[in-house]
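A.B. asks: Generate coordinates for the sequence data below:
(one chain, ligands or ions: 1)
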Amino acid sequence: MKIICIGRNYAEHAKELGNEIPENPVIFMKPDTAVLKKGSDFYIPEFSNDIHYELEVVLKISKGGKYISEGNAPKYYEEIGLGIDFTARDLQSKLKEKGLPWELAKGFDGSAVVSEFFNKNEFDLKNLNFTLEKNKEEVQIGNTSMMLFSPEKIIEFVSQYFTLRVGDLIFTGTPKGVGKVAENDVLEGFLEKNKLFSVRIQ
Ligand code: MG
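C.D. replies: Below is the predicted model:
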């Protein structure tokens, strides 16, 4: 199983980090060992003093394929969920400055929170609200209508490069409002009104 992540898929978030709006999706990956075990706390790693949460809608690939067209893409995922793309922002900034890959800042153990998944037909994917609360306060409010690249466009794009397999996950990017976590914070992710996960920071 691989985890494909999209960067800068929400214009307001690209701006808050001082990035340009991309012409093509910005892609990076996390290894399968990045998935935080269900119900586990997230431990701030020693190599960072600036771990950020990034709440994202996650697609679960349900059919293998390559060179998938935008029009056929809906057949390749049946379920959606929520995730956090934990990012060592201090390390990422250093890597970006040097033009180096981001993996160390993005793919470390525990850096991918993944919720339960739900049938996508239960939701209006083009107008889906999702929210992150930190210590019961809303810190990120997103709506999929604000995506620069839709799930179908993303699947079309990435499947030109990577064969998609059943069980692969696609993190579709974060809206604005990313921020730092501290010990004892509790992060809770909501898809519409449904709470999908709760993670404590250690
Ligand atoms: Mg992200």
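A.B. asks: Quick check: Ala34 vs Phe171, distance?
C.D. replies: 10 Å (Cβ to Cβ, to the nearest Å). Where you see a C-beta, it was placed from the backbone N, CA and C, and this is true even at glycine.
A.B. asks: Spit out the residues that contact the two alike.
C.D. replies: Shared contacts of Ala34 and Phe171 (Cβ atoms under 8 Å, 6 or more residues apart in numbering): 3, 112.
A.B. asks: Neighbour count: these two, which is higher?
C.D. replies: Under the neighbour definition other Cβ atoms under 10 Å, Ala34 and Phe171 were set side by side, and Phe171 has more, 28 against 21.
A.B. asks: now the closest residue to the ion within the chain, nearest residue through space, not along the chain?
C.D. replies: Closest residue of the chain to the ion, Cβ to the ion: Asp85 (3.5 Å). Nearest-residue entry for Asp85: Glu54, 4.2 Å, with adjacent residues in sequence omitted and distances by Cβ to Cβ, 6 or more residues apart in numbering.
A.B. asks: What of Glu133?
C.D. replies: Leaving aside its chain neighbours, Glu133 sits nearest to Glu188 (4.6 Å; criterion: Cβ to Cβ, 6+ apart).
A.B. asks: where along the chain do the helices fall?
C.D. replies: When assigned using DSSP state H, the helices of the chain occupy the ranges 11-16, 89-97, 103-106, 151-158.
A.B. asks: Tell me the buried residues in the third one?
C.D. replies: When you say that, I think you mean helix 103-106. The neighbour-count check on helix 103-106 (16 or more other Cβ atoms under 10 Å) flags 105-106 as buried.
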